[in-house]
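Engineer: Turn this into a model:
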Amino acid sequence: MCQSPDALLTSDPGDATQGESAVLELEEPMLAADVAWPDALSAIGSVITPIALAAIGFVVSRRLKRIEALQWRSHELIAARLRYYREIVEPLNDLFCYFTFIGSWKEMTPPTVIETKRSLDRTFHTLAPFFDLDVVTAYNRFMELCFDTFGRWGEDARLRTGSRRRRDSSAVPWLDEWDSMFSRAPDEPVSAGELEGIKSAYNEVVARLVGDIQLIDARTNYATAQVVLNA
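Structural biologist: Prediction:
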């Protein structure tokens, strides 16, 4: 039923008050919700932040442990290579001296040289996994210049040099049977080029070994250049 304009003008003021109260009641929950969101986000953040920090700390800790493990393994590998270097280089140097006529070569007999090679081969190839492939290649090259290998079945490697000068200069009594341990004729000379090749191959082996140890910079020369004078 419609009210007249006079009725509207004379309506009870309490009705307006009730309407305002209703509007306020609707706004109060909205204001409460607006206030609750920041609190909720803050609460969620307070839970997620420690979890995120813990996850990051776990990842970083694993990375650091992995780096420490790699550093420890590297240190142990270098220490092992240093020990094995001593086991390899001393007999290697004995062979170098014998084939280039320097040092104590007069005191070494052909059987001693062959046994030195056999023992050194056993040691080196047992330890080869600890060294780079370049070391193995250089070692094999040196041995190829000093010995003839893979002869008749069951036959020892033979020395790639002549026996005459060694017989004449031997510090121990020479046995005729030793002549068969050489792959060349007794009087066949050793050229300066061959001595230079043996020297270079020896330098390469030692330089590769030193480079693997990583304690000092490898040099290019570890043997005297005067070995070519013994040709």
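Engineer: low-confidence ranges in this structure?
Structural biologist: For the chain, applying pLDDT under 70 flags the ranges 1-45, 47, 49, 51-55, 57-77, 151-154, 215-226, 228-229, 231.
Engineer: mind running it again at 50?
Structural biologist: Of all residues in the chain, those with pLDDT under 50 make up the ranges 1-11, 13-19, 21-24, 26, 31.
Engineer: As a check, name the ranges of all helices in it.
Structural biologist: 5-9, 13-100, 110-127, 133-146, 164-169, 192-213 (DSSP state H).
Engineer: Please identify the buried residues of the fifth one?
Structural biologist: Buried positions in helix 164-169, judged by neighbour count with 16 or more other Cβ atoms under 10 Å: R164, R166, R167. All C-beta spots, glycine's among them, are computed from the backbone N, C-alpha and C.
Engineer: hang on, the last one packs against D187?
Structural biologist: It stands for R167. No - counting by Cβ atoms under 8 Å, R167 sits too far from D187 to count as a contact (10.5 Å).
Engineer: which residues do these two both contact?
Structural biologist: Counting by Cβ atoms under 8 Å, 6 or more residues apart in numbering, R167 and D187 have no shared contacts at all.
Engineer: Let me have the buried residues of helix 164-169 in TSV, extended by distance to A79.
Structural biologist: Conversion of the buried residues of helix 164-169 to TSV gives the following (distance: Cβ to Cβ, whole Å):
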residue	distance to A79
R164	46
R166	39
R167	44
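Engineer: Closest one to R83 out of these, please.
Structural biologist: Ranking the buried residues of helix 164-169 by separation from R83, with Cβ to Cβ as the measure, puts R166 on top at 33.2 Å.
Engineer: check contacts around that closest one.
Structural biologist: Listed by Cβ under 8 Å, 6+ apart, the contact partners of R166 are W105, P110, W174.
Engineer: out of these, which are buried?
Structural biologist: The neighbour-count test (16+ other Cβ under 10 Å) applied to the contacts of R166 identifies W105, P110 as buried.
Engineer: Between the contacts of R166, which sits nearest A207?
Structural biologist: For those, the nearest to A207 is W105 (22.6 Å; Cβ to Cβ).
Engineer: Not counting sequence-adjacent ones, nearest residue to that closest one?
Structural biologist: By the measure of Cβ to Cβ, 6 or more residues apart in numbering, the closest residue to W105 outside its immediate chain neighbours is Y98, 4.5 Å from it.
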